[in-house]
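A.B. asks: Take this sequence and fold it.
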Amino acid sequence: MRMQNVGLKLKQASAVLGVAPKDLQNLVQSKVLLPPRRDAFYWFDNQLLLEAKVAFYLKDSLGTSIEVLTRFAKALSANLKEAQETRPRYVWLRSRPAGTREPIEVRIPLRELAKELDDQLPQAAIHQDLPRGRKRPGWKQEFANRLAVAANDLSGVTESQIMSAIRGRRAARKRLPEITVGSSARSA
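C.D. replies: Residues are numbered from 1 along each chain as shown. Predicted structure coming up:
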């Protein structure tokens, strides 16, 4: 399964990734991601979307700093270019500690993250970037039609269900990532 070729602006890419546009912009400004810039916009292709997905995955699961995310993203970028056609199930990142210490390994479920991106790609059509300044003709009617569709989707939902979903989402964001420790027997 191969992702369709895309070229998305920052706002659309953030919708596909399921993150706030400011969070994605922070990764770009801190040079964790290096999207090309054309016509005063950052453009995200398939590989950059996958790199961003992995960066957010690492940030959510490990709580890593920007410096560590940048190093991981640079190392991963080279591997993603090689594995574009045959998407491996997992990618391992390994640190190189000084001395005789054991390296730290992080296993990233690359195929699963790529599948999530494929599933979320239709979100880009919903979150279209409008040009600055004067809006295109008919935008008000289009906006009203989209609101009507959203209202139909929410027709059976009560206000208490909405508030409960919001509280659940906020509580899920506050939880710290779970870290597990395992051991393996090694022969000397």
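
A.B. asks: now the strands for this structure?
C.D. replies: Remark: strands assigned in the chain by DSSP state E are 8-9, 37-38, 41-44, 91-94, 105-108.

A.B. asks: Excluding sequence neighbours, find me the nearest residue to the spatially most central residue of the chain.
C.D. replies: Centroid-nearest residue in the chain: Lys53, 3.2 Å away (criterion: CA atoms, centre = their mean). Of all residues not flanking Lys53 in the chain, Leu113 sits nearest, at 4.7 Å (CB to CB, 6 or more residues apart in numbering). (C-beta placed from N, C-alpha, C; glycine too.)

A.B. asks: just the strands of the chain: most buried one?
C.D. replies: Most buried of these by mean neighbour count (mean count of other CB atoms under 10 Å) is strand 8-9; its value is a mean of 22.

A.B. asks: so what secondary structure elements neighbour it?
C.D. replies: Applying 3 or more CB pairs under 8 Å, 6 or more residues apart in numbering; DSSP states H and E, one finds that strand 8-9 contacts strand 41-44.

A.B. asks: Please compute how far the strand it packs on lies from its chain's middle.
C.D. replies: 15 Å (CA atoms, centre = their mean, to the nearest Å).

A.B. asks: Note down every partner strand of it and its orientation.
C.D. replies: Its sheet considered, strand 41-44 pairs with strand 8-9 (antiparallel), strand 37-38 (antiparallel) by DSSP bridges.

A.B. asks: Could you dump the strands of the chain into a markdown table and include mean pLDDT and distance to Thr70?
C.D. replies: What follows is those, written out as a markdown table (pLDDT from 0 to 100; distance: least, CB to CB, whole Å):
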| stretch | mean pLDDT | distance to Thr70 |
| --- | --- | --- |
| strand 8-9 | 90 | 22 |
| strand 37-38 | 88 | 18 |
| strand 41-44 | 89 | 16 |
| strand 91-94 | 73 | 13 |
| strand 105-108 | 79 | 15 |
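
A.B. asks: which stretch among these comes nearest Glu67?
C.D. replies: Nearest to Glu67 among these is strand 91-94 (14.5 Å), distances taken as CB to CB.
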